[in-house]
Structure formats: structure tokens, C-alpha cells
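K.L.:
Build the 3D model from these lines:
(one chain, ligands or ions: 1)
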Amino acid sequence: MTDIADRAAEREEELIGDALDEHRRHDPTAGKTEADSAKWCDGCGQRVPDARRKAVPGVRLCVDCQNEAARVEAAAKRNGRHA
Ligand SMILES: [Zn+2]
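P.N.:
Presented below is the predicted three-dimensional model:
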């Protein structure tokens, strides 16, 4: 027999999970740790410095590629379209 409190706790976990999923959709590095950081840049394939991997958990790009991505995104916004 399942206690009502157990079911309530399960439901709550589901809701928290949904909220975390939603949050992660907006911020891809949310809830990530240093272990999720890329050792090699997704953009150029160069080594991502350990200090950056530690400072930005879940980071996928090196500083150069991050800056380039931000520049492209900013340009796309100025042009009124998505990157
Ligand atoms: Zn790069």
C-alpha cells in the first residue's frame, strides 16, 4: 500500500525535475559541474584551459569561440533574427 505522503513526495520530485528541465533549456550550463565542461572546444577543437572549465561549469567553448559566438548572436539580434 502506498502512503499518500509518499505519493505527494513523488509528485513533488516530478515538479522539481520539470522545473530544473525548464531552467536548463534556458541556460545550458545550469546544474552542470566542472566534470561536464568540455576538455576540448566545440568550436575550434583547442584545449579549454582547466581554469575556465572550473570557472564556467558545463562550458563548451574556449574564450575565443565564446566571444565569437556572442558577437554573432549580437549581430543576429541587431538584424532582428535568431542566430
Ligand atoms: Zn574554440
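K.L.:
From now on I want contacts and neighbour counts done on CA atoms only, so please keep to that.
P.N.:
OK.
K.L.:
so how far is the host helix or strand of Ala75 off the chain centroid?
P.N.:
Following DSSP states H and E, one finds Ala75 within helix 63-78. Distance, stretch centre to chain centre, for helix 63-78: 17 Å (Cα atoms, centre = their mean, to the nearest Å).
K.L.:
domain parsing for this protein?
P.N.:
Following automatic domain parsing, one finds the domains of the chain at 1-31, 33-83.
K.L.:
Adding mean neighbour count, write those domains out as JSON lines.
P.N.:
Output for the domains of the chain, formatted as JSON lines (neighbours: other Cα atoms under 10 Å):
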{"stretch": "domain 1-31", "mean neighbour count": "11"}
{"stretch": "domain 33-83", "mean neighbour count": "15"}
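K.L.:
picking that back up, check whether the helix holding Ala75 contacts the ion.
P.N.:
Yes. Using Cα under 5 Å from the ion, helix 63-78 reaches the ion at Cys65.
K.L.:
need the contact list for Arg53.
P.N.:
The contact partners of Arg53, by Cα atoms under 8 Å, 6 or more residues apart in numbering, come to 34, 37-39, 59.
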